[in-house]
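[1] test case, fold it:
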Amino acid sequence: MRAYVTLLSNRSYFEGVLILNRSLQKVEAKYPLCCALSMSVEEKVECDLKNEGILCIRLSQTAVDGIVNIEEGGFSHWNFTFDKLLIWGLSQFEKIVFLDCDMFVVKNIDHLFECEPFSAVVAGAQYPGNEHWKELNSGIMVLIPSEKVKNELLEKINEEIVAGRTEKRMIGDQDVIKRYLKTWKDQENLHLEQGYNIFADYLSYYIRKLGYSFNRNADKPIYVIHFIGKAKPWMKKTFRQYVWMLRMFLKNPYYPIVYHRYLKFLRS
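    The predicted structure follows:
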C-alpha cells in the first residue's frame, strides 16, 4: 500500500492536517493521507481526524525524551518534530510521500511515488541570500519504510543534540536526517524541483522572478506551498504576528491570495 503520511505531534497542528487532507482531495490524489500521531496526542483529536475520513496510526514510542530546545519566550516548536523519524518504521506501507502538516498541495503530486527514496527539495535555495543552501528540507520526502533506517536515524539524535549545544543552535528532525545523509547534497538524482516545496514567504519572488506558476501547463509548476515558521495561518495571532503578516502581504502580493485560499479550505 502507498500513502501520503503526515505527523501530528501536538493539538495545535490539528487544523493543518485537515487542510492538508482537503487539499489532497481537491487535486484528486490517488493515494490516501495517513496521520501518524505522537503518543501525547489526545484520543479526542484522533476521533476528530477519523471523522474527517483520515486514517490514523498511533506511534508506539517517542523519538526523544524531555526537552531538547529552549528559545526565548518558551520551548521551541522544533521539540515536537523528532517523531518524524519514526515514520520510517511504518512497515505497513510499501512507499510513502511524507508531507508536513503545514503544507498546502495545489497540484497533483502522485507521480512522486515513482521517485527514489530520500528524494526531497533544497527548499528556498533560489531565493536571494540562500544560494549557499545545499541540504534537503524535510517538509516533503519520498521514503520506503525500513526498521534499519529508522533505528540508524534514532541513533544519530544524541550526536546532533551534542553538536547543536556545542554550536549553540536549536535542532530538529531535519538536522538529524542531514547528519544521516551526509552525501545527499551531492546526489542530484534525489533533488526534487523547487516547485514541490515553495515557502509561502518566497512565493511572489518565485513567481515574478523565477517563472513559477499556478497555471496547469506551466513550464515551472507550483505543486506544494509550505507555511514555515511558528505562526501558522490557522493559529490565533499575537499583535506582533499581525504586524509581520501585514508587512508580508505588502512585500509578497501572492501571499494573501494563497492565505485566503488556505483558510477557505479550513472553513469548507
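
[2] now stretch 87-101 - C-alpha only, PDB.
    In PDB, the C-alpha atoms belonging to stretch 87-101 read as follows (Å, rounded to 0.1, in the frame of the first residue of the first chain):
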ATOM      1  CA  ILE A  87       7.800   7.400  10.100                       C
ATOM      2  CA  TRP A  88      10.400   5.000   8.600                       C
ATOM      3  CA  GLY A  89       9.000   2.400  11.000                       C
ATOM      4  CA  LEU A  90       5.600   2.300   9.300                       C
ATOM      5  CA  SER A  91       6.200  -1.000   7.600                       C
ATOM      6  CA  GLN A  92       2.600  -1.500   6.700                       C
ATOM      7  CA  PHE A  93       3.300   0.900   3.800                       C
ATOM      8  CA  GLU A  94       5.200  -0.100   0.600                       C
ATOM      9  CA  LYS A  95       6.100   3.500  -0.100                       C
ATOM     10  CA  ILE A  96       5.400   6.900   1.500                       C
ATOM     11  CA  VAL A  97       5.400  10.500   0.400                       C
ATOM     12  CA  PHE A  98       5.800  12.400   3.600                       C
ATOM     13  CA  LEU A  99       4.300  15.900   3.900                       C
ATOM     14  CA  ASP A 100       4.500  18.300   6.800                       C
ATOM     15  CA  CYS A 101       1.000  19.300   8.000                       C
END
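
[3] which residues does it contact?
    Residues from elsewhere that reach stretch 87-101, judged by C-beta atoms under 8 Å, 6 or more residues apart in numbering: 1-8, 13, 16-17, 20, 31, 33-36, 57, 84, 105, 109, 112-113, 138-147, 149-150, 153, 224, 226. (Each C-beta comes from the backbone N, C-alpha and C, glycine too.)

[4] can you check stretch 186-195 too?
    With C-beta under 8 Å, 6+ apart, stretch 186-195 has contacts from 112, 115-116, 118-123, 125-126, 136, 140, 184, 206, 210, 212, 220-224.

[5] stretch 31-41 too?
    Against stretch 31-41 from outside (C-beta under 8 Å, 6+ apart): 2-11, 17, 20-21, 24, 45-46, 49, 54-62, 80, 83, 86-87, 90, 93, 97, 99, 101, 110, 113.

[6] same deal with stretch 7-14?
    17, 35-38, 40-42, 45, 48-49, 80-81, 83-84, 87, 98, 100-102, 232, 235.
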